[in-house]
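Asks: Based on what follows, work out the 3D shape:
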Amino acid sequence: MSKQQLILLIAAVVFMRLWGTDLVSVSVFNPGFRFGEYFSIFDVSSVIYMVAMLLLTRAACWAFFPRKKYAWLALSILTLVPFFIGFRYLLEEVIFKAIFGQGNYHEGTVIGRYIGDNIQYAIGYITLGALVFLFENNIKNQQKLLQMAATNSEAELKFLRSQINPHFLFNSLNNIYTLIYEKSDKAPDAFLKLTELTRYMSYEKGNMVNLSTEVKYLESYIALQKLRFDYELSLVLEVDEAVLHHQLPPYTLIAFVENAFKHGDFKEPNFPLKIIATGNAANLKIMVSNKISTHEKDATGGVGLDNVRRRLELLFPDRHRFSVEKTDGVFTVRLHIQQAARP
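Replies: Residues are numbered from 1 along each chain as shown. Here you go, the predicted structure:
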């Protein structure tokens with residue numbers, strides 16, 4: 001809670017405690033009432049000692065409650081009771097009486113009556129001060145929880161980024177090793193494509209990139225993967241210009257297509273690898289589909305899709321839909337991202 005918010009809170013508490021309910025009552029039931037007639041000089045002293053008690057109670061609570069020094073807190077609260085009685089007496093019965101010629105209590109009020117009456121007031125103001133502290137402390141704890149959640153999310157995003165890079169590099173290097181082992185003339189070109197992709201991974205440090213950037217490096221990735229095959233791949237890549245400015249986590253499309261190359265069959269022209277991005281100013285829709293290969297897959301699997309799924313949950317908690325389907329031998333990944341409104 002900021003200082004301005006604390007001042008407003010204390011001002012509201014003081015106003016409601018001293019005048020709020022009474023002003024509402026007299027304004028409703030006494031139409032001829034004049035507000036100026038309701039206030040007196042002792043309202044000034046009431047504001048002074050009430051604010052003092054609220055601040056002192058709050059200070060005592062902050063000093064001992066977070067450190068769980070409850071005995072010291074109780075002692076400090078008990079000390080505030082005689083302090084309040086003495087402070088009010090000095091303010092109203094000595095200073096104000098000397099200045100204005102009268103005190104707040106009638107002449108002849110016995111000390112026992114005065115003390116008993118002000119113990120009641122002191123307990124009320126201490127209770128209000130404690131409530132102010134509890135309200136402020138609750139807001140502070142909520143802010144800490146939100147900050148911790150944001151920090152944890154950022155740490156998890158960084159971990160996911162670090163996870164997908166080695167995964168991608170391992171698969172790509174493995175493919176280039178195969179080309180080198182087979183003494184293929186495609187190996188140098190494959191190495192250059194990998195260099196472009198590693199540059200993307202090294203310098204694209206943000207959590208989000210434009211779709212246009214992702215598509216650029218996706219094309220390099222596809223070119224790198226094509227070098228593994230001795231036949232022409234059936235491929236459909238369609239990206240609407242209207243959605244090129246949309247934002248998404250880096251390596252999203254690459255992860256989808258990597259999964260397709262790992263588990264897909266591209267020999268049949270009737271079942272091409274489809275990569276389609278459509279939408280409008282407010283929505284981005286991506287669909288990647290491929291025929292599922294019947295060959296045995298590696299036992300280790302991959303982290304790509306699960307990685308993307310988790311990053312989407314962190315970055316677009318209520319603004320995305322992500323689905324994976326297997327129908328009639330075709331594997332389809334669909335992603336719909338609702339873009340944030342522009343300022």
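
Asks: quick one: secondary structure of residue 291?
Replies: Judged by DSSP: H, G, I helix; E, B strand; the rest coil, the three-state class of residue 291 is strand.

Asks: what sits opposite it in the beta ladder?
Replies: Taking DSSP bridges as the rule, residue 291 bridges to residue 265, residue 330.

Asks: Against residue 47, how distant is it?
Replies: When C-beta to C-beta, to the nearest Å is applied, the distance between residue 291 and residue 47 equals 79 Å. C-beta here means a position set from N, CA and C on the backbone, and glycine is covered the same way.

Asks: Tell me which of these two has more neighbours.
Replies: Taking neighbours as other C-beta atoms under 10 Å, residue 291 and residue 47 compare with residue 291 leading, 21 against 15.

Asks: which parts of stretch 189-197 are buried?
Replies: By neighbour count, and taking 16 or more other C-beta atoms under 10 Å as the criterion, the buried residues in stretch 189-197 are 190, 191, 193, 194, 197.

Asks: thought residue 242 was touching residue 280?
Replies: Yes: in this structure residue 242 lies within contact range of residue 280 using C-beta atoms under 8 Å: 6.3 Å.

Asks: three-state assignment of the closest residue in space to residue 316 that isn't next to it in sequence?
Replies: Taking C-beta to C-beta, 6 or more residues apart in numbering, and ignoring the residues beside it in sequence, residue 316 has residue 337 as its nearest neighbour in space, at 5.9 Å. Remark: residue 337 carries the secondary structure label strand [criterion: three-state DSSP].

Asks: Residue 337 and residue 13, how far apart?
Replies: From residue 337 to residue 13 the distance is 46 Å (C-beta to C-beta).

Asks: Looking only at neighbour counts, state which of the two leads.
Replies: Set side by side, residue 337 and residue 13 show unequal neighbour counts under other C-beta under 10 Å, the larger going to residue 337 at 25 against 20.

Asks: residues making contact with the helix or strand where residue 321 lies?
Replies: Counting by DSSP states H and E, the element that carries residue 321 is strand 320-327. Outside strand 320-327, the residues within contact range by C-beta atoms under 8 Å, 6 or more residues apart in numbering are 292, 305, 308-309, 312, 331-338.

Asks: now stretch 172-192
Replies: The set of residues external to stretch 172-192 that reach it, using C-beta under 8 Å, 6+ apart, is 194, 197, 224, 225, 227, 228.

Asks: Check those residues against residue 217 and report the nearest one.
Replies: Sorting the contacts of stretch 172-192 by distance to residue 217 puts residue 197 at the head of the list, at 6.0 Å, by C-beta to C-beta.

Asks: what sits against that closest one?
Replies: Residues near residue 197 by C-beta under 8 Å, 6+ apart: 168, 172, 217, 220, 221, 224.

Asks: Could you export the one helix or strand residue 253 maps to as CSV, CA atoms only?
Replies: Secondary structure assignment for residue 253, by DSSP H and E: helix 252-263. Taking C-alpha atoms only, helix 252-263 is exported to CSV below (Å, rounded to 0.1, in the frame of the first residue of the first chain):
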residue,chain,number,x,y,z
THR,A,252,6.2,-22.6,-31.6
LEU,A,253,5.8,-23.4,-35.3
ILE,A,254,9.3,-25.0,-35.3
ALA,A,255,8.2,-27.4,-32.5
PHE,A,256,5.0,-28.3,-34.4
VAL,A,257,6.8,-29.0,-37.6
GLU,A,258,9.7,-30.8,-35.9
ASN,A,259,7.1,-33.2,-34.4
ALA,A,260,5.7,-33.7,-37.9
PHE,A,261,9.1,-34.5,-39.4
LYS,A,262,9.8,-36.8,-36.6
HIS,A,263,6.6,-38.9,-36.8
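
Asks: the inter-axis angle of it versus strand 320-327?
Replies: 10 degrees (axes from the mean of the first three to the mean of the last three C-alpha atoms, to 10 degrees).

Asks: How far does helix 252-263 sit from its chain's centre?
Replies: Shown here is helix 252-263, whose average C-alpha point lies 30 Å from the average C-alpha point of the whole chain (C-alpha atoms, centre = their mean, to the nearest Å).
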